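Trainee: My questions concern the predicted model and sequence given below.
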Amino acid sequence: MIYFRSDYSQGAHPEILDALVKSNDVHTDGYGLDPLSDEAREIIKEHIGRPDADIHMMIGGTSTNVTTIAAALRPYEAVVAPLTGHIYVHECGAVERSGHKVIALPTEDGKLTPAHIDDAWLLFEDDHTVVPRMLYISNTTEIGTVYSKAELVALREACDKHNMYLYMDGARLGAALTAPGNDLTMKDIASLVDAFYIGGTKNGAMIGEVAILLNEEIADHYRWMIKQNCAMLAKGRLVGVQFTKLLEGGDNSLFYEIGRHMNLMARKLKEGIEAAGYGFSGQSVTNQIFPILPKSLIEKLKENFFFYEWAPYDEDNAVIRLVTGFGTTEAEVNAFIAALR
């Protein structure tokens, strides 16, 4: 069985495993308060150009989102997200469980615009309605699109106009920053958002993400919020070790090497599917692609390939999702393309 179901179906990149093994016998304090985590923090601060950043080793994406949103908002404040946003669709109501409404808005390409922010404020009346206080975006989006620098600048200006926080979910940030045509850098992001996280789980790590807080209001007592949300990893140093290995070397680091590989494998898949005469849903430029295939062919493909059946398309066709990861090989890509014939 060949896996195109997700970008975390394998354990970890060999270089990350090697780094974990080499640090295995080192004794440290727990909960991310250790020299190994501190080393990762310093590498990240230098890479994003923000020595003032408050950086935390986190377990996973959902807990990072819930913790950050809960840390930022008062009980009567809400977060604005795309209708396809992870916090709205794939986190089992975790943000709402923390007491904050998600205002989900439809988009054409998974990306929010200043017009969406204005629409969210049209829903606000007075003290009988929640206050839209935070804008949630993800890069890549859940459908594989990416934000440009101009789009992020525009969102920052719109958030400032409405006194809103801007928060970026970076679960697939490695794929976003290595996508064809991308003009954003990690430094750009750190200069424009109030908080974001760098995803490791979907970019070659065994486990973990790094939350980066750039606004003192969100950073206040953040560790308390981590603990209260059951997200404090006792062996936090394991996340630190992995992110040191991922990001040492800056723009030439393993983090970007993995992102480029995933995108390249997805691009080869896409080209082969197009050559076979099939189209796509959406305009993904990263490691998630969404082919539209005959239902009969999908059933045949399921015999040898594991993937996500994304959505119905029409009576005879459906959309599937194919995702490439750090370990995806050209042989696997070629096998899928050959199976279309």
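Mentor: Great, that's in hand. Numbering: from 1, shown residues only.
Trainee: Would you agree Ile212 falls within a strand?
Mentor: Yes: using DSSP: H, G, I helix; E, B strand; the rest coil, the assignment for Ile212 is a strand.
Trainee: quick one: contacts for it?
Mentor: 44, 48, 50, 53-55, 190, 195-198 (Cβ atoms under 8 Å, 6 or more residues apart in numbering). (Each C-beta comes from the backbone N, C-alpha and C, glycine too.)
Trainee: mind running it again at 6 Å?
Mentor: 53, 55, 196 (Cβ atoms under 6 Å, 6 or more residues apart in numbering).
Trainee: Let me have these in JSON lines, extended by distance to Pro14.
Mentor: As requested, those are exported to JSON lines (distance: Cβ to Cβ, whole Å):
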{"residue": "Ala53", "distance to Pro14": "29"}
{"residue": "Ile55", "distance to Pro14": "26"}
{"residue": "Phe196", "distance to Pro14": "28"}
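Trainee: between those, which is closest to Val241?
Mentor: Ile55 (14.5 Å; Cβ to Cβ).
Trainee: looking at this, the closest one is in a strand?
Mentor: Yes: counting by three-state DSSP, Ile55 is found in a strand.
Trainee: what number of residues lie near it?
Mentor: Residues lying near Ile55 (other Cβ atoms under 10 Å) number 26.
Trainee: Show me what Ile320 is bridged to.
Mentor: Glu309 (DSSP bridges).
Trainee: pretty sure it is touching Ala311, no?
Mentor: No: between Ile320 and Ala311 there is no contact under Cβ atoms under 6 Å: 8.9 Å.
Trainee: of these two, who's got more company?
Mentor: Ile320 (22 against 12).
Trainee: What is the longest helix of this protein by residue count?
Mentor: helix 254-275 (DSSP state H).
Trainee: For the stretch 101-250 of the chain, which segments are assigned as helices?
Mentor: With helices called from DSSP state H, counting those that start in this stretch, the stretch 101-250 of the chain shows them at 114-122, 149-161, 173-177, 186-192, 216-219, 222-228, 237-247.
Trainee: And the third one, what's buried?
Mentor: Read that as helix 173-177. 173-177 (16 or more other Cβ atoms under 10 Å).
Trainee: now swap in the fifth one and tell me
Mentor: Of the residues in helix 216-219, 218-219 count as buried by neighbour count, 16+ other Cβ under 10 Å.
Trainee: List of residues touching that helix?
Mentor: 54, 71-72, 195, 213.
Trainee: next one: the fourth one
Mentor: Outside helix 186-192, the residues within contact range by Cβ under 6 Å, 6+ apart are 47-50, 149, 152, 156, 196.
Trainee: Sweet, I'm off.
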